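J.: sequence? don't have it. structure:
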């Protein structure tokens, strides 16, 4: 006999996720606030501050945009979800853990000398965020009664997550094997739309061939 998983309404869950993301985005600015205090103590000019802390500023901007992008994707994924279960809650707790952790490797980029492990930690965190996003999409695809979102839309989101994971892995390989490119390798994510279209076409062709078989 199959036991039905306990269901919960999503209002508190969505509010909690929003709060966690907002806190994580706020934490990104704290190292810069400390740097401003140090700059004032050292009597640096504004131009000198921006020059000396350009790495921190870039890492802050990059992570801020990435967290915002992840949150927008999460919002789209769960916008029409009406029920949530304990397994889905734990998937999202894992997702939030990666978001909360991201300010740490962000601070490493801005304040520490770059080494091989640094991009592994930073981009690896982004990959884990995308993997947990994918896990949530696959769960919703198997439990479509939890959401009013059409199955095709959920499936497109899953394909988009797979495309992003592939591109993150490529960016990680580039940043580790060709250090001068560093985190600029993340610009490859601009191809996510094109890769998603290719994967969608491939999945539709596979579906048609399986159907004929």
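T.: In hand now; what should we look at? A quick note: this is a predicted structure, and the numbers were derived from the prediction, not measured.
J.: CA only for contacts and neighbour counts going forward, please
T.: Fine.
J.: the helices in this protein, which residues?
T.: Applying DSSP state H to the chain gives helices spanning 11-27, 30-41, 46-52, 54-78, 86-101, 103-111, 117-142, 151-177, 192-212.
J.: shaky segments in this protein?
T.: 1-5, 206-213 (pLDDT under 70).
J.: can we see that at 90?
T.: Along the chain, segments meeting pLDDT under 90 span 1-9, 52-55, 109-117, 176, 178-185, 187, 189-190, 192-193, 196-213.
J.: need the helices of the chain in a markdown table (columns: distance to residue 183 and mean neighbour count).
T.: Shown next, in a markdown table, are the helices of the chain (distance: least, Cα to Cα, whole Å; neighbours: other Cα atoms under 10 Å):
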| stretch | distance to residue 183 | mean neighbour count |
| --- | --- | --- |
| helix 11-27 | 19 | 15 |
| helix 30-41 | 19 | 14 |
| helix 46-52 | 19 | 12 |
| helix 54-78 | 9 | 17 |
| helix 86-101 | 18 | 17 |
| helix 103-111 | 10 | 20 |
| helix 117-142 | 7 | 19 |
| helix 151-177 | 6 | 19 |
| helix 192-212 | 17 | 13 |
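J.: residue 185 is nearest to which of those helices?
T.: helix 151-177 (4.9 Å; Cα to Cα).
J.: tilt between the closest one and helix 117-142?
T.: Relative orientation of helix 151-177 and helix 117-142, computed by axes from the mean of the first three to the mean of the last three Cα atoms, to 10 degrees: 170 degrees.
J.: helix 151-177 packs against which elements?
T.: Here helix 151-177 touches helix 117-142, helix 192-212, going by 3 or more Cα pairs under 8 Å, 6 or more residues apart in numbering; DSSP states H and E.
J.: let's have the helices of the chain in a markdown table, adding distance to residue 184.
T.: A markdown table is the format used below for the helices of the chain (distance: least, Cα to Cα, whole Å):
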| stretch | distance to residue 184 |
| --- | --- |
| helix 11-27 | 21 |
| helix 30-41 | 21 |
| helix 46-52 | 19 |
| helix 54-78 | 10 |
| helix 86-101 | 21 |
| helix 103-111 | 13 |
| helix 117-142 | 11 |
| helix 151-177 | 8 |
| helix 192-212 | 15 |
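J.: how about these, which one is nearest residue 186?
T.: Smallest distance to residue 186 across these (Cα to Cα): 5.4 Å, for helix 151-177.
J.: using JSON lines, please lay out the helices and strands packed on helix 151-177 together with distance to residue 38.
T.: Below are these laid out as JSON lines (distance: least, Cα to Cα, whole Å):
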{"stretch": "helix 117-142", "distance to residue 38": "24"}
{"stretch": "helix 192-212", "distance to residue 38": "40"}
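J.: got a list of what the nearest residue to residue 160 once chain neighbours are set aside touches?
T.: The spatially closest residue to residue 160, leaving aside those adjacent along the chain, is residue 196, at 5.1 Å (Cα to Cα, 6 or more residues apart in numbering). The contact partners of residue 196, by Cα atoms under 8 Å, 6 or more residues apart in numbering, come to 159, 160, 162, 163.
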